[in-house]
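S.K.: Fold the following, please.
(2 chains)
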Amino acid sequence: MITRPAKAFVAFAATAVLLFAGRPAPAEIIRVVATTTDLASLARTVAGELASVDVMIPPGADPEAFEPRPSDLAKLKDARIVIRVGLGYDHWLDKLLSLHADKTINRGGVGYVDASIGIPLQEVKGRSLDVTGNDSHAHGLANPHYWLDPANAEIMTGAIVEAICAIALQSSATITQNRKRFLAQLGTSIADWESMLNPHRGAKLIAYHNTWPYFARRFRLDILDAIEIKEGVPPSPARLARLASTIREQKVRVILQEPFAPDDASQLLARRTGAALIRLAPSVGSIPEAADYLSLFSYNVRTLADALSAGPN
Amino acid sequence: MIDDVLAFAALPLAAAIIFTGIHTWFGLQVLRRNVVFADLALAQVSALGATVAVVTEHAPSTAAGYAYTLLFAAGGALLLTGSRSLVQSVRQEAFIGVLYVVATAATILVVDRSPQGAEHVKKMLVGGILSVSTDELIRFTLLYAAIGALHWAFRRHLLAAANEAANERTAVWDLVFYLSFGLVVTSSVSVAGVLLVFCFLIVPALVGSLFSSSISAALIIGWVAGALASACGIFGSFLLDAPTGAVTVLAFAAVLVIAGGVRAFVMTPIEQRSQNRRRALRTASAVICAGCVLSGAWAVIAPSGDHPLLAAIETVSGIGPEQFLTARERVDFTEAADIERRHRTEVDRLYELERRSRWQGEALSADEVRRLASMQQTLTEMGRGERFVVAYLRTRARSIERWYIGLPLAALGLLGFAAMAWSPTRRTGSSCAGRI
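M.R.: Here you go, the predicted structure:
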C-alpha cells in the first residue's frame, strides 16, 4: 500500500521531471581570476554569464606596487582559469600559484592564460625611453603595457576563449559568438578613435611613467620621454630642467599622468612650461569613466584629442 | 636650461632655509629634552591622520585633509606630554618608540583600505621639496613666523620645562611645546617628507650644540650649518643628477661630519687636539688595514666573488685581470667584451628604429614588430652569453691574480696592524696608512 506522503513525493517528482525534461543541464559557472582589471574586463566580455570573474589588483591601485594578500590566495581556491599579463608585470602570481595544489591553473595547465603570448612586443629587454645608455626601467622582458593597444585585444581574447573552451566545450559556440561580436564592435571603435587622433599624428608628448608605447604605436604619437625613469624614485632637478628644455624645444603640449602616480613633478613641469597636464587611465577602473575595456580607450582618446586640439599645432 | 635650473632650485632652497630656521630651534629643545625620535613619532602620527583623510576621500591639501592631520598630530602631542610624567621609571624615548611603531602599523592597516595608499605613504617618507609652490612657501613663512614669535615670547618657560624634572607646571609648557612641534612637523612633512624633516630638526641643532652650550649661539651656528647643507644638497642634486631629498640628507650628514672634524681637530685645546689627531689616524689606519686584510683574504678564498678593492687597484694600477691570462684567453676576453658592446649598440639601434616607426612613415605591421622584438631578444641573449665568457675568464684570471695581489694585500694589512701594535710603545705615531 502506498502512503499519502509517498504519493505526494511521486507526484512532485513526476511534475519536476515533466517540467525539466528536454532542457539542457544548466552550464556550470566557471570561476575565472584575472590579475588586472583590463584582463578581467575582456574575460567578462567574452564569457558573459558563463563565468564569474574575480580580479586581484584592485581598480585604481598601482599595479607595479601591488603586493598580494591572503585573500588573493583564497580567490585562487576554486578558480578554473587564471589570466595574467606576464612579462614580469604580475610576477607575484608565480608565488601564489606555486602554493596552489591545482596544476591546471599553473604554467602549462589548461586553465593558465598568459595573455602576452603572441603579442607583438615593444621595448624588449625593458628599454626605457631614455636611450642615452641609462638602461633604467626594468619592465621584465619587454614593456608590459600591451593592452593599451586595442588591436591586441584580439590576441588576448583569443587566449581567453581557448582556455574557456578547453574547460567548457559545450559553451564554445556562445563564447566564440561573444568574442566575434566584441571584436566587430572594437574594430568600429578603433576606426573612430584613429580618426579622432589622426589630426594629431606625430604629436609630441611627455609621460610621467613609461606606460604608453603601445598606445603611441596604435595612434601614431611620439612620446619623447618619461619623467620617472626608475620606479618610485623621484626625478632629479637636473632631469626636470632637461625635460623643461625638451618640452620647449620640441613644442610638447601635453604631459600624460597616471591617476595613482605622484603628480608633483608633472605639475611643476606644466607650471614652468605651460604644457597641459592630463590624466589618462592606464587600466580599466583607474578612473570612473574607464569602466570597461572599450570605455577606457573612449575616455583616453577623447581626453587626449581635446587637450591636443586646445593648443596650436 | 640655466634659467630652469635656477627656477627649479630657488623655491626648494627658500623652503629648506625656512624649514632650517624653525626646526633648528625645535631641534635644540629636542636635544635638551633627550627625545630625538619624538619628531619621527609625531610625523608618523600626523601621517596616520593624512592617510585616514585619503581613505575617507579628502586630499591632504584640502582643509578637511589638513584638519585630520592636525587632529592626529594634536593627539600625538598629548600622548607625548603625558608620557613624560607617566613614564618616570624608564626613558621617555622607549614610549616614543612604541608610539612610532604603533602609528606606522596603524598607517599600514589604514592604507590597506585604499588602492592608492602605498603611493601616499611613500610620499610622506620622501616628500617632494622640489615641487614646493610659492603659495605653500608663503603659508609656511606665516605659520612658522607665528610659532617662532610664540616661542620667543615664552622661551624662558619652554627652556625651563625642557631642563626641569616633570611636574604640573612643566606639563603645561610641555603641551605647548608638543602642540606647536606637531603643527610644524605636520606642515613640513607634507612637503619635505619624514627623512628630510628629521635632518632639518636634528643635524643643525647637533652642529650648534657641538660648538656652544649657549642656546642663542648654538641656534645661530645651526642656522648657518643648515642653510649651507640645504644649498649643498639642492645644488648637489643638480650636479649629481640625483633625487633632491636623498642628496640633501647626505649633504646634512657631510656637514655634520665636517663640523665634528672642525670641533675635534681645530677648536679644542692643543693637547686635546693632538690626542684627537692621533686617535683619528689610528682609527683610519685600522680601517684601511682591516680593508686590506679582508679584501686580500676574500680574493684568496673566493676568486669568483665581488672584489671592489681589487677592482679599484686594477683600475688605478692598470693591471687588469687580462694580465693574468694566457695569450689565447686574452684574445677571447677582449673579443667577448667587444662583441657584447656591439650587440648592445645593435639593440639600441633596433629600439630607436621601432620607436621612430610609431609615428614616422608607414606603420610597421604586427609581424614586423614581432621580428624586431625577436632580434632584440636574440641579441640580448647573445650579449648575455658574451658577458658569461668575460665573467668566466675574469674568474680564471682572479684565481691566479689572488696569489700575486690578494695574498700580498692581506700580508700588507697584517703588517700594518703589527706596526700599529708596535708604534705606541715607541711613541712614533706612525701608521700603516703611511706605509701603504
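S.K.: just checking, residue B:367 touches residue A:118?
M.R.: No. Counting by CB atoms under 8 Å, residue B:367 stays clear of residue A:118, with 11.2 Å between them. To be clear about C-beta, it is placed using only N, CA and C from the backbone, and glycine gets the same treatment.
S.K.: Those two: who's more crowded?
M.R.: A direct count of neighbours by other CB atoms under 10 Å in any protein chain shown for residue B:367 and residue A:118 places residue A:118 higher, at 15 against 9.
S.K.: So the nearest residue to the more buried one once chain neighbours are set aside, which state does it fall into?
M.R.: Here the nearest residue to residue A:118 in space, its sequence neighbours aside, is residue A:155; by CB to CB, 6 or more residues apart in numbering or on different chains that works out to 4.8 Å. The assignment at residue A:155 comes out as helix when based on DSSP: H, G, I helix; E, B strand; the rest coil.
S.K.: what's near enough to touch residue A:155?
M.R.: With contact taken as CB atoms under 8 Å, 6 or more residues apart in numbering or on different chains, residue A:155 is in contact with A:115, A:117, A:118, A:119.
S.K.: now residue 272, what's its secondary structure?
M.R.: Reading this off chain A. What three-state DSSP gives for residue A:272 is helix.
S.K.: not what I meant, chain B
M.R.: Recorded secondary structure, residue B:272: helix (three-state DSSP).
S.K.: burial of it, as a residue count?
M.R.: 11.
S.K.: Read off the pLDDT value for it.
M.R.: Per-residue confidence at residue B:272 stands at 85 (pLDDT).
S.K.: Domain boundaries for the chain, per the record?
M.R.: No chain specified, so I'll use chain A. Residue ranges for the domains of chain A, per automatic domain parsing: A:30-116+A:125-189, A:197-310.
S.K.: wait, I meant chain B there
M.R.: If you go by automatic domain parsing, chain B breaks into B:2-267, B:288-347+B:383-435.
S.K.: Count the residues that sit near residue 66.
M.R.: Here I'm looking at chain A. If you count neighbours by other CB under 10 Å, residue A:66 ends up with 19.
S.K.: wrong one, chain B
M.R.: With neighbours defined by other CB under 10 Å, the count for residue B:66 comes to 19.
S.K.: now swap in residue A:231 and tell me
M.R.: A total of 14 residues lie near residue A:231 under the criterion other CB under 10 Å.
S.K.: top of the contacts of residue A:155 by neighbour count?
M.R.: The residue in the contacts of residue A:155 with the most neighbours, by other CB under 10 Å, is residue A:115 (28 neighbours).
S.K.: pLDDT wise, what is that one at?
M.R.: Residue A:115 is assigned 95 on the pLDDT scale.
S.K.: does it really touch residue A:81, like I thought?
M.R.: No. The pair formed by residue A:115 and residue A:81 falls short of the contact definition of CB under 8 Å, at 11.6 Å.
S.K.: so what's in contact with these two at the same time?
M.R.: Overlap between the neighbourhoods of residue A:115 and residue A:81 consists of residue A:160, taking contacts as CB under 8 Å, 6+ apart.
S.K.: Could you tell me which residues of the stretch 1-150 of chain A lie near chain B?
M.R.: Of all the residues in the stretch 1-150 of chain A, those in contact range of chain B (CB under 8 Å from any CB of the partner chain) are A:58-62, A:65, A:69, A:120-125, A:127, A:129, A:131, A:141-142.
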